[in-house]
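Participant: Quick one, what's the 3D model for this:
(one chain, ligands or ions: 2)
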Amino acid sequence: MKHGGSIHKRVMYYAQQEKEVLYCDLNIKDTGYTERQAEKSREKYGSNLISGRASDTIFYRLRRAFINPFTTVLLALAVVSFITDMLQVESFSRNVTASPIIFCMLVVSGMIRFIQEMKSKKVADHLVSLLHSTVTVLREGKWTELSSSELTVGDQVRIFAGDRIPADIRLTKTADLFLSQSVITGESAVLEKTSGKISIQDSCTYSDYKNIAWMGSAVMGGSGEGIVLAVGPDTVYGGFSGMISQRKNKFDQGAASIARVLLRFMGVLIPIVFVACGLTKGNWAAAFLFALSVAVGLTPEMLPMVINACLAKGSASMGKKQTVVKNINAMQGFGSMDVLCVDKTGTLTGDIILLEYYMDILGNESERVLELSYLNSLYHTGVRNHLDTAVLKYREMPGLGEQLGRAAEQKAKLDEIPFDYERKIASILVGGEENNLLIVKGSIEEVCRRCRYVEYKGEKREKKPENSSDVHAVVDEILEDGMKVLAVAYKPVKKNNLTKEDETDLILIGYLAFFDAPKKTAADAIGKLKALQVGIRVLTGDQKSVAASVCHRLGIDTSQILTGAELDAMSEEKQIMQIENTMVFAELSPKQKAEIVETLQANGHTVGYLGDGMNDLPAMVESDVGISVDTAAEAVKEGADVILLKKDLNVLEEGILEGRKAFSNMTKYIRITASSNFGNIFSIVIASVVLPFLPITSVQLLLLNLLYDTLCLVLPWDHVDQDACSRPLEWSGRTLGRFMKFFGPVSSFFDVITFLFLYFIFCPALCGGEFAQLTETAAQTQFIMLFQTGWFLESMWTQVLILHLLRTRRIPMLQSRPSGPVMFVTTVGILFFTVLTFTPLGKIIGMMAMPVSYFGFLVGVVILYLFVVTVAKGIYVRKYKELF
Ligand SMILES: Nc1ncnc2c1ncn2[C@@H]1O[C@H](COP(=O)(O)OP(=O)(O)OP(=O)(O)O)[C@@H](O)[C@H]1O
Ligand SMILES: [Mg+2]
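Facilitator: Ligands and ions are numbered 1, 2, ... in the order given. Modelled structure (predicted):
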């Protein structure tokens, strides 16, 4: 059982009152609320939204774009430089424009972030708008369909089988209303709800609230009406859902842990930079600002945004391929999913099921069996399913149709216990001349277990255990052909209503056999998924022999098939082993489906679950990526993370590829940034310890950071090599560390070469001597500016280059081209910042035009760098068999 949600006081109070009190207190008329009343109530009790969407306002996004560590440090720099400019009038001419420039950087970086965020939001909103659940509400005297988010306390709503309860509701009218509260209690049992008042003790569980329908519950059968008592976060479900979404946030957690690693790393090194600069340069204020800039420059502050953009981009491309991603955090699961659990009907077999045979217990065609099944299906108010639809199709048959119609006229419905996946049977009570008739249809085993007699040619006989093998002989043959078989039984009763105790001592009368053919495309799709290294597991509630037949024909390994009962009989250790090695599971209850998913996860798999039935819901919620289809019941769609517009494994294959692309771009960003930061901070520590001046000014550092961040923002739009998508992508900090330690020092090595060259050869040559020997301030200033510009250029060039080098396993440009936007931003970035050093603007931030000879050196360094990193990459890939 999950904890966290608490029952609202209002719900508790009105559960114990007659409904008239409720009508009176909330001023509800027979015509329901007026729009004005609803508006007022919404102001008073809030909206029916759960995800705490407050964080999604434009204002919030603006604030997040402009107020962050990066902009704060920039602002501090702007203020400090403005004050020093004012005070130090002699350097006024040189520095007066530094603060406006910093201010411009601030605006530019904020705008980039903001635009990016809005783009992601637009994509997410669009996708969510595709899937909006509606509710039937009484407003202004009319029953209307409204979006469930418009619901408010006091609204009168109607619910039907297959619906998901949209709020916490006090029921006022019920007709065989059965709910599954599995989303809240984790139990898959189905409960009947009523509309009378109840009395509550302290020990009451959610199930004891018989007249309350909890938000998020699924309507398994029947219908009802009720008054909304609590909406949005006030509901029990609202209290849970925060936790539910948190659970699916593995990637965010991973990303945060990486950020923490980097921050811890900086926490050690930044103080060293500060102290070293302070001691060697003597200016503690400048040292502090510099250390602060280093900290900001190296913080992976774009991390959340790049991740968001990657996910949004990925879900947008999936949207184009008939896959709607509802929960954007489930995208990571798509990238790393290595096991896909599927149900049978509709996924492996066709969407349309046909009733092929209706027969008595020895296999002869029997219209009486058809008639009883027809009544059962007709009066069944449970969630519509393929089997009932197939039975009802017979009313269109000439001749037979009229006969069935007459039977329905003569026998009216009295009561029912709808189908649920625990009992696996559906019971209907109809009126008759002498006796009322209980008609039961359902899984062979469950029906036969409840039968005491068999009927053959109108003759009732005691069912003997020794005869049961004969009975099965008839069915087994059909099952082996992959047909779905239901048993039909009946019993005359004298009552007018049903309880589960009535479902005993039944008379078995015959069977229904449905043709449920394997899909032609399924075998192909399974092959493709195999090629993508995603293992398929079939989890069905259907019979073992049917599952065996269908799976065998599709080329799924059926050498071992486990049934739910067999699993339950095993010890826990054995279960873990067996589940890992079995491809097909049959005769499962919804709970067992969820348990199998759980075990697979515990075995280290990232598990996807594709299903469309109410019985798939618990497993779907448990899995890393819950996938359903557009045609599934509302409650199931609500529980899924991803909705396929077509139930086809081929659609899923494309979705997985898109997911991996998005995932790959995210990993790329994290790895490259982490290793590049690692290298940079290393170089800066070395430089600030040994140099008598700062290796780079704060503003320059931040400018470099701005360029790199802008670059990273186009990464989500980068191409991904095909081989990078050929297997599930593992997300682990362990390999990140090794990546950082491998490539970071490589770039540090080239930084140090540049330092040495600038300090001992290049600058002395131009300034007329080594730094220590220079006495004039002007010459010293020139030396420093040359050095800083030199390093700025080298650092920028290599940082951009590393992006091109490490984004692919292959040779950049030649074997693997980046996408247009990446190419554009990198080229323009390099050009712009190189040209900047020649302009007056560059001068303002302490840079100067470098002589052409330096660019000669730079090109040499870059070529060498390119060569070394390529070799290093080769070694890395050979050693670890992967780059990302
Ligand atoms: N409408 C119904 N009336 C009576 N019995 C039913 C009905 N629907 C299903 N059953 C019984 O419940 C069993 C399990 O249902 P079902 O086959 O739909 O399970 P499932 O796990 O959804 O299967 P699949 O993997 O094919 O989707 C069936 O084999 C059948 O015996
Ligand atoms: Mg199903």
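
Participant: Could you give the bridge partners of the residue of the stretch 351-500 of the chain found nearest ligand 1?
Facilitator: Closest to ligand 1 within the stretch 351-500 of the chain is Ser443: 3.0 Å, counting by CB to the nearest ligand atom. Every C-beta, even on glycine, is put in place using the N, C-alpha and C of the backbone. Using DSSP bridges, the beta-bridge partners of Ser443 come out as Leu486.

Participant: And the helices in the stretch 751-884 of the chain, which stretches?
Facilitator: Counting by DSSP state H, counting those that start in this stretch, one finds helices in the stretch 751-884 of the chain at the ranges 763-767, 777-806, 820-836, 840-844, 852-880.

Participant: picking up where we left off before, look up how far Leu362 lies from the residue of the stretch 351-500 of the chain closest to ligand 1.
Facilitator: 20 Å (CB to CB, to the nearest Å).

Participant: again with Glu622
Facilitator: Taking CB to CB, one finds Glu622 at 43 Å from Leu362.

Participant: Give me the neighbour count for the residue nearest to Ile561 when sequence neighbours are not counted.
Facilitator: Closest residue to Ile561 apart from its sequence neighbours, by CB to CB, 6 or more residues apart in numbering: Val584 at 4.6 Å. For Val584, the neighbour count with other CB atoms under 10 Å is 23.

Participant: now swap in Val752 and tell me
Facilitator: Counted with other CB under 10 Å, the neighbours of Val752 add up to 16.

Participant: what's the spacing between it and Leu758?
Facilitator: Distance from Val752 to Leu758, by CB to CB: 11 Å.

Participant: Kindly report the same for Val306.
Facilitator: Val306 is 33 Å from Leu758, by CB to CB.

Participant: Assumed Leu588 was part of a helix.
Facilitator: No: going by DSSP: H, G, I helix; E, B strand; the rest coil, the assignment for Leu588 is coil, not a helix.

Participant: ok, it - contacts?
Facilitator: 539-541, 563-564, 567, 596 (CB atoms under 8 Å, 6 or more residues apart in numbering).

Participant: Need phi/psi at Ile7.
Facilitator: Torsion angles at Ile7 (phi, psi; degrees, to the nearest 10) stand at phi -80, psi 130.

Participant: Oops, could you answer that again for Ser207 instead?
Facilitator: Main-chain dihedrals, Ser207, degrees, to the nearest 10: phi -70, psi -30.

Participant: sorry, back to before: bridging residues for the residue nearest to Ile561?
Facilitator: Assigned bridge partners for Val584, using DSSP bridges, are Val538, Ile561.

Participant: Show the subsequent helix or strand relative to the helix or strand Val651 falls within.
Facilitator: Assessed by DSSP states H and E, Val651 sits inside helix 649-690. Later in the chain than helix 649-690, the nearest helix or strand by DSSP H and E is helix 698-713.

Participant: List the buried residues of that following helix.
Facilitator: 698-713 (16 or more other CB atoms under 10 Å).

Participant: Quick check: the two most widely separated of those residues?
Facilitator: Pairwise distances across these (CB to CB) peak at 22.6 Å, for the pair Ser698 and Leu713.

Participant: excluding its backbone neighbours, what's nearest the residue nearest in space to the middle of the chain?
Facilitator: Central residue of the chain (CA atoms, centre = their mean): Ala330, 1.6 Å from the mean position. Spatial nearest neighbour of Ala330, excluding adjacent residues (CB to CB, 6+ apart): Asp641 at 3.5 Å.

Participant: For burial, what's the neighbour tally of that neighbour?
Facilitator: 25.

Participant: Pull the contacting residues for it.
Facilitator: 248, 325-327, 329-330, 333, 625-627.

Participant: Can you tell me the closest non-neighbouring residue to Gly535?
Facilitator: Val339 (4.9 Å).

Participant: Show the residue spans covered by the strands in the stretch 401-550 of the chain.
Facilitator: All strands of the stretch 401-550 of the chain, identified by DSSP state E, counting those that start in this stretch, fall at 413-417, 425-430, 436-443, 451-456, 459-462, 484-493, 506-515, 535-539.

Participant: The ones you listed into a markdown table, with extra columns for distance to Gly790, mean pLDDT and mean neighbour count?
Facilitator: What follows is these, written out as a markdown table (distance: least, CB to CB, whole Å; pLDDT from 0 to 100; neighbours: other CB atoms under 10 Å):
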| stretch | distance to Gly790 | mean pLDDT | mean neighbour count |
| --- | --- | --- | --- |
| strand 413-417 | 83 | 89 | 21 |
| strand 425-430 | 81 | 93 | 25 |
| strand 436-443 | 79 | 94 | 24 |
| strand 451-456 | 91 | 91 | 19 |
| strand 459-462 | 101 | 88 | 10 |
| strand 484-493 | 76 | 94 | 22 |
| strand 506-515 | 78 | 93 | 23 |
| strand 535-539 | 54 | 94 | 22 |
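
Participant: so which of the ones you listed gets nearest Arg660?
Facilitator: Per CB to CB, nearest to Arg660 of these: strand 535-539, 15.7 Å.

Participant: Now tell me which helix or strand of the protein has the poorest mean pLDDT.
Facilitator: Ranked by mean pLDDT, DSSP states H and E, the weakest helix or strand in the chain is helix 92-95, scoring a mean of 46.

Participant: Read off the pLDDT value for the closest residue to ligand 1 within the stretch 51-200 of the chain.
Facilitator: The minimum distance from the stretch 51-200 of the chain to ligand 1, using CB to the nearest ligand atom, falls at Ala161 (11.4 Å). pLDDT recorded at Ala161 is 81.

Participant: I'd like to know which elements the helix or strand encompassing Gly744 is packed against.
Facilitator: Taking DSSP H and E as the definition, Gly744 sits inside helix 733-756. Under the contact criterion of 3 or more CB pairs under 8 Å, 6 or more residues apart in numbering; DSSP states H and E, helix 733-756 touches helix 250-281, helix 649-690, helix 777-806, helix 852-880.

Participant: mind saving the C-alpha coords of stretch 202-212 as PDB?
Facilitator: Presented in PDB, the C-alpha positions along stretch 202-212 are these (Å, rounded to 0.1, in the frame of the first residue of the first chain):
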ATOM      1  CA  ASP A 202     -10.600   5.800  12.800                       C
ATOM      2  CA  SER A 203      -9.400   2.500  11.400                       C
ATOM      3  CA  CYS A 204     -11.300   3.000   8.100                       C
ATOM      4  CA  THR A 205      -9.400   2.300   5.000                       C
ATOM      5  CA  TYR A 206     -10.100   3.800   1.500                       C
ATOM      6  CA  SER A 207     -12.100   0.700   0.700                       C
ATOM      7  CA  ASP A 208     -14.400   1.300   3.700                       C
ATOM      8  CA  TYR A 209     -15.700   4.500   2.100                       C
ATOM      9  CA  LYS A 210     -18.400   2.700   0.200                       C
ATOM     10  CA  ASN A 211     -20.100   5.800  -1.000                       C
ATOM     11  CA  ILE A 212     -17.000   7.700  -2.100                       C
END
